[in-house]
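Visitor: I'd like to go over a predicted model; first the sequence, then the structure.
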Amino acid sequence: MKTGLITSDTYKNHNTGNGHPEKIDRVTAIIDNFKKVDNKNLIWKKPNKFDEFFLNKTHSIEYINHVKQSFPKKGLVFLDGDTIVSPGSKDATKDAVGSIITAIDGVQNKEFKNAFCAVRPPGHHAEKEKAMGFCIYNNVAVGAYYLIEKYKYKKIAIIDFDVHHGNGTQDIFYDNEKVLYVSTHQYPYYPGSGSNKENGKFNNVLNIPLEAGTTSEVYLNAYENVLTKIKQFKPEFLLFSAGFDAHIDDPLAQIRLGTEDFYKITKRTLEYSKSFCNGKVVSILEGGYDLKALQNSTQRHVDALIEFN
C-alpha cells in the first residue's frame, strides 16, 4: 500500500505578515519538493469537509466562536503576541483540521497505509481555550478525538518531536486515559511547559526535556524512552506531531539533529509500534523554519513512512 500526502492550497491564504517565521513558503517548499521528487508511492489528496462536532470536543464552543469572529475582512488580527489571522486564515485553519481527519479516514478505509499532512497553521500549542505560538486549532488533538468518537479507539499515542513542547496537546489530554502524549523538546524554552514532572492524571504524559545543544547521539539515546513508553501503552493508532525545528539549521532553537535523524526517528517508531497498531500512523506538520532543512527532513520522514510494510 501507498502513503497519503494530504494538503490544500488554502495554506497560501493564511497570511501572518512580513518577517513572521510561520510563513507561506514553509508548506510551499515542502510541496514543491514532493512534486519534484514525484514518488509513485504517494497518493495526493485534498482535505474533505468535516463535522464540527470533533472540533467542539477539542476546544470550547466559546473559544471556537472567538476564533471565527476574529477572522478579519481585511488586514491582520493578533490572537496572541505571535499568533496572527488574516481573511484567508478561515479556510486554512479549516483545511488543516480537515487534513488530519481525511488522513485518518484514508488509513481506516485502506486507501493508503499511513499519511503525512502538509498544512499550516500548525496546532500543538493551541490549548482548549487559547491560541498560542502560531497555533489556532489543535489539529492533532482533533485527530485523536476523531479516532475516539468515530472509530471507537481506546488507545491513541501522540508523539511530538517538535523542538517546542506541545503545551496545547498536553493541556487537552492531561486527564484522558485514552491518549498518551509523549514529547521530546528543548527545555527550558518556549512555551515554558514540559518538565518531566508533568505526567498526566493517568501517567499518560511523558515529557523528555533536552538541553540546548543536544546532539543527534544524545537525542537518539533519549528517544529510546519514547519507544519504551509506547511499548508499555500499546496504542492502537499513532499520531505524529511532526515539527522539524530540532534540525541543526533551524533558526528558532538549538537542538542539533541532522536530516537523517528524522528518518531514523520515524523508522524506529514504526518498527516498534507495528505489533500493536499494525502500521496505522498519521503525521501532521508542526514547526520547522529553515526552508531547506524543512524540505529535506520532511522528505526523509515521508521516505520512512513509504518504506514501512
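Guide: Right, received. Where do you want to start?

Visitor: How about the residue nearest to the spatial centre of the chain: which residues does it bridge to?
Guide: Nearest residue to the geometric centre of the chain (Cα atoms, centre = their mean): residue 241, 2.7 Å. On the basis of DSSP bridges, residue 241 is bridged to residue 160, residue 284.

Visitor: For the spatially closest residue to residue 95 that is not a sequence neighbour, give me the pLDDT.
Guide: Closest residue to residue 95 apart from its sequence neighbours, by Cβ to Cβ, 6 or more residues apart in numbering: residue 8 at 4.2 Å. Using the backbone N, CA and C atoms, a C-beta is placed for each residue, glycine as well. Looking at residue 8, its pLDDT stands at 98.

Visitor: can you check residue 309 too?
Guide: 76.

Visitor: now the residue nearest to the centre of the chain: how far from residue 248?
Guide: Taking Cβ to Cβ, to the nearest Å as the measure, residue 241 falls 20 Å from residue 248.

Visitor: cool, residue 295 as well?
Guide: Residue 295 is 15 Å from residue 248, by Cβ to Cβ.

Visitor: Quick one: the helices in the stretch 201-309 of the chain, in order.
Guide: 216-233, 259-277, 291-307 (DSSP state H, counting those that start in this stretch).

Visitor: wait, which of those helices is closest to residue 141?
Guide: helix 216-233 (17.3 Å; Cβ to Cβ).

Visitor: residue contacts, the nearest residue to residue 294 once chain neighbours are set aside?
Guide: In space, not counting the residues next to it along the chain, residue 294 is nearest to residue 288; the distance is 4.1 Å by Cβ to Cβ, 6+ apart. Residue 288 is in contact with 26, 243, 244, 245, 247, 250, 294, 297, 298, counting by Cβ atoms under 8 Å, 6 or more residues apart in numbering.

Visitor: Pick the one among those closest to residue 51.
Guide: residue 243 (27.4 Å).

Visitor: okay but that closest one is in contact with residue 287, surely?
Guide: Yes. Between residue 243 and residue 287 there is a contact under Cβ atoms under 8 Å: 3.7 Å.

Visitor: list residues touching both of these two?
Guide: By Cβ under 8 Å, 6+ apart, residue 243 and residue 287 have these common neighbours: 122, 162, 163, 164.

Visitor: of all those, which two lie farthest apart?
Guide: Every pair of the shared contacts of residue 243 and residue 287 checked by Cβ to Cβ; the farthest is 122 and 163, at 12.1 Å.

Visitor: if we can go back for a sec, generate JSON lines for the contacts of residue 288, with neighbour count as supplementary columns.
Guide: Converted to JSON lines, those look like this (neighbours: other Cβ atoms under 10 Å):
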{"residue": "26", "neighbour count": "24"}
{"residue": "243", "neighbour count": "27"}
{"residue": "244", "neighbour count": "29"}
{"residue": "245", "neighbour count": "26"}
{"residue": "247", "neighbour count": "26"}
{"residue": "250", "neighbour count": "23"}
{"residue": "294", "neighbour count": "26"}
{"residue": "297", "neighbour count": "28"}
{"residue": "298", "neighbour count": "27"}
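
Visitor: Surely residue 306 touches residue 40?
Guide: No. With contact defined as Cβ under 8 Å, residue 306 does not reach residue 40; the gap is 9.8 Å.

Visitor: And the two? Which one has more around it.
Guide: residue 306 (19 against 7; other Cβ atoms under 10 Å).
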